[in-house]
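K.L.:
Need coordinates for the below:
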Amino acid sequence: MPRTARTSRLALAASAASLALLVTACGGSGSDASGPGDGKPVTLTFWSATAGAKETADAFNKAHTDIKVKFSMVPAGPEGVTKLSNAVKGGNAPDVATMDYSALPEYASEGNLEDLTPSSGDLVKNEFPEAVQSLVNLGGSTWAVPFDVTPIQLFYRKDLFKKHGVDVPTTWAEYRTAAEKIHAGDPDVTITNFGGGDPALLSGLAWQAGARWYGTNGDAWKVNIDDPASRKVAAYWDDLLAEGLASKTPLWGEGENKERATGKVATIIGAAWSAGNFPVSYPDAKGTWGIAPLPTWDGKAGTGMYGGTSYIVPKGSEHTEAAAEFIKWVTTEPAAMTARLSSLKAPSSALPANEGMRAAAAKEFDSSYFGDQDVYALAGDAADTIVPGWTWGPVQQQVTSVQMAAGGDHTKMLSSGQAKGESAVTDRGLKLDK
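P.N.:
Residues are numbered from 1 along each chain as shown. You can find the predicted model right below:
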């Protein structure tokens, strides 16, 4: 389903001024790019925490003789970013790695990345939607190549909704009403589990509500994490938890899987990639789950993003041209997606940012689990409604760390994130607009 005509309204970039501020601490690319041509294969080191990355590298190796990729699995999240930062400082960083979009501005502004503009700038411009381009093009330079796009969607139990006479909600007010009706009909069932606190999901829901956690005023950074739109979201979920309408079981872990598998929750707030977890985690619930657009505050279609991965070349690589060739293959070649998906024990519903990759991905997913709903088409439609205007800031990883320590109190996650964001900006020697 073509979507290029609609990508212009999905611009997620900050202003040119704010992007320029992101890279004021960067010195640009300082390594000598080298690649194939001397008659000997170039060996690239590749670090990633993503499932199927090793198999993708193996498939690339089989298809290429001038470049060989040596893969290593690394931890996900902040731990993986720290490991990579230490490797850059120690001069032994890999040639290629994967990184969450939320970490990219911070990592780039610290001078930890090679500037991919010469090798991958045109690729990003020509092969990826404008919405995703804005997440990797910072300060007029290309610092990464997108892999996936991650719109938030609603997964719901069709049987429970029918049993309790509840329609699929299109607004958050209707979602709360559904929560009340279902819980009144069966006190053992809640609308969803939302305990533990997940900064990535909170930010995505705030994004949908119109929040802008970062911005600029002249040459100073603005930190707006504890803003009215975000507080509205936090209060909404804290109230549902306090009233027992949402389960306090953490979003991820054995507890949530048990609740979801046994029909104790009626919905899951997830992303495009979440659909692939269902057939493995809840095999006996096949046919009972459906997918719908995320409820909104005003009834108009809109969503935020929950996670997302890009490919980077860490500072110090001596093989940037070869790295760019591998990255191009893994982000735009359908065979790369086929290799990734066919190797997984669980099906994947990750929505490739490159539309040419989506057909290959869709072929690997058994849509019968969701009653023959077209998982990839629905995710693509959701991606088209991502609310414009969001950008990540230069200290988000530090903010995430303190938010994770807030114990699932979403209002506290915002206030602690605000305080940390402001102090982290000034600690880095950047100007803060209060």
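K.L.:
check contacts around Q418.
P.N.:
By Cβ atoms under 8 Å, 6 or more residues apart in numbering, the residues touching Q418 are 223, 225-226. Where C-beta positions appear, they are placed from N, C-alpha and C, glycine not excepted.
K.L.:
Contact partners for the spatially most central residue of the chain?
P.N.:
Closest to where the C-alpha atoms of the chain average out (Cα atoms, centre = their mean) is G307, at 1.6 Å. Counting by Cβ under 8 Å, 6+ apart, G307 makes contact with 100-102, 150, 200, 271, 273.
K.L.:
any weak-confidence spans in this structure?
P.N.:
1-39, 254-255, 343-347 (pLDDT under 70).
K.L.:
Tell me how it divides into domains.
P.N.:
Using automatic domain parsing, the domain parsing of the chain gives 4-149+307-363, 152-304+390-427.
K.L.:
Kindly reformat those domains as a markdown table containing distance to Y376.
P.N.:
Listed next are the domains of the chain as a markdown table, based on distance: least, Cβ to Cβ, whole Å:
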| stretch | distance to Y376 |
| --- | --- |
| domain 4-149+307-363 | 4 |
| domain 152-304+390-427 | 8 |
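K.L.:
distance of H64 from D167?
P.N.:
Between H64 and D167 the computed distance is 52 Å (Cβ to Cβ, to the nearest Å).
K.L.:
same question, E321
P.N.:
55 Å.
K.L.:
When these two are compared, which one has more neighbours?
P.N.:
Taking neighbours as other Cβ atoms under 10 Å, E321 and D167 compare with E321 leading, 17 against 10.
K.L.:
Who are the packing partners of the strand or helix carrying that one?
P.N.:
Applying DSSP states H and E as the criterion places E321 in helix 320-332. Helix 320-332 sits against strand 42-48, helix 53-63, strand 67-73, strand 96-100, helix 117-127, strand 145-146, strand 309-312, with contacts defined as 3 or more Cβ pairs under 8 Å, 6 or more residues apart in numbering; DSSP states H and E.
K.L.:
By neighbour count, which of the contacts of Q418 wins?
P.N.:
That'd be I225 among the contacts of Q418, by other Cβ under 10 Å, with 28 neighbours.
K.L.:
Just confirm it contacts Q398, I think it does.
P.N.:
No - I225 is beyond contact range of Q398, at 11.6 Å (criterion: Cβ atoms under 8 Å).
K.L.:
quick one: common contacting residues for those two?
P.N.:
With Cβ under 8 Å, 6+ apart as the test, I225 and Q398 both reach G421.
K.L.:
picking up where we left off before, sitting in strands, which of the contacts of G307 do you find?
P.N.:
Among these, DSSP state E puts 100, 271 in strands.
K.L.:
Make a markdown table out of the contacts of G307 and add distance to T190.
P.N.:
As requested, the contacts of G307 are exported to a markdown table (distance: Cβ to Cβ, whole Å):
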| residue | distance to T190 |
| --- | --- |
| D100 | 29 |
| Y101 | 31 |
| S102 | 28 |
| T150 | 25 |
| A200 | 22 |
| A271 | 21 |
| W273 | 23 |
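K.L.:
Which members of the contacts of G307 are the farthest-apart pair?
P.N.:
Across these, no pair lies farther apart than S102 and W273, at 14.9 Å, counting by Cβ to Cβ.
K.L.:
returning to what we had before: now the residue nearest to the centre of the chain, what's its secondary structure?
P.N.:
coil (DSSP: H, G, I helix; E, B strand; the rest coil).
K.L.:
how near is it to I225?
P.N.:
Distance from G307 to I225, by Cβ to Cβ: 18 Å.
K.L.:
Measure how far stretch 185-196 is from the centre of its chain, please.
P.N.:
25 Å (Cα atoms, centre = their mean, to the nearest Å).
K.L.:
Nothing else from me, thank you.
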